[in-house]
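Visitor: give me a 3D structure for the following:
(one chain, ligands or ions: 1)
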Amino acid sequence: MMDKKPNDKFEKTEFFMTSFSSLIKSVSARMDSSKTQKNTSMSFTPNAQEFWNTIDPKLRVRLMNNIFCPSCKGETGIGNVSGSVEKGNLILTGVCTKCGESVARLVEGQ
Ligand SMILES: [Zn+2]
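Guide: Numbers count the residues shown, from 1 in each chain. This is a model prediction of the structure:
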């Protein structure tokens, strides 16, 4: 009677460990693919990509290195950028390159 419960618990732990390690595997696989892409760790919607392509490359760099981070209380860069278009404006969302907090920037459409 007393021996059954720990066994039961062990099985559950083992199951958890198995699913955990497969999760780690899938995460590290994703990290590998982002490593090969390096500078293109940006996911834009087709609309946002079109918008982004119309922006001068020099301005793009400035936009991405001139983000206000509420956590750092100053200008910072944006990483892991995602872009979408809302109401004709480009919304860039990502993480602060200094502290990792979520930051966002709106680029007004013409
Ligand atoms: Zn920050």
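Visitor: I'd like the average pLDDT over stretch 62-82.
Guide: Here stretch 62-82 scores 94 as its mean pLDDT.
Visitor: so which bits of that stretch are buried?
Guide: Across stretch 62-82, burial judged by 16 or more other CB atoms under 10 Å covers 63-64, 67, 69, 76-79, 81-82. C-beta coordinates here come from the backbone N, C-alpha and C atoms, glycine included.
Visitor: near the ion, which of these show up?
Guide: Filtering the buried residues of stretch 62-82 for proximity to the ion (criterion: CB under 5 Å from the ion) leaves Cys69.
Visitor: out of the buried residues of stretch 62-82, which are inside strands?
Guide: 67, 69, 76, 78-79, 81-82 (DSSP state E).
Visitor: how about those in TSV, adding distance to Lys58?
Guide: Output for these, formatted as TSV (distance: CB to CB, whole Å):
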residue	distance to Lys58
Ile67	16
Cys69	22
Thr76	19
Ile78	16
Gly79	19
Val81	17
Ser82	22
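Visitor: between the residues you listed, which sits nearest the ion?
Guide: Taking CB to the ion as the measure, Cys69 is the one of those closest to the ion, at 3.3 Å.
Visitor: the closest one: what's it in contact with?
Guide: Applying CB atoms under 8 Å, 6 or more residues apart in numbering to Cys69 gives the contacts 75-76, 96, 98-99, 101, 103.
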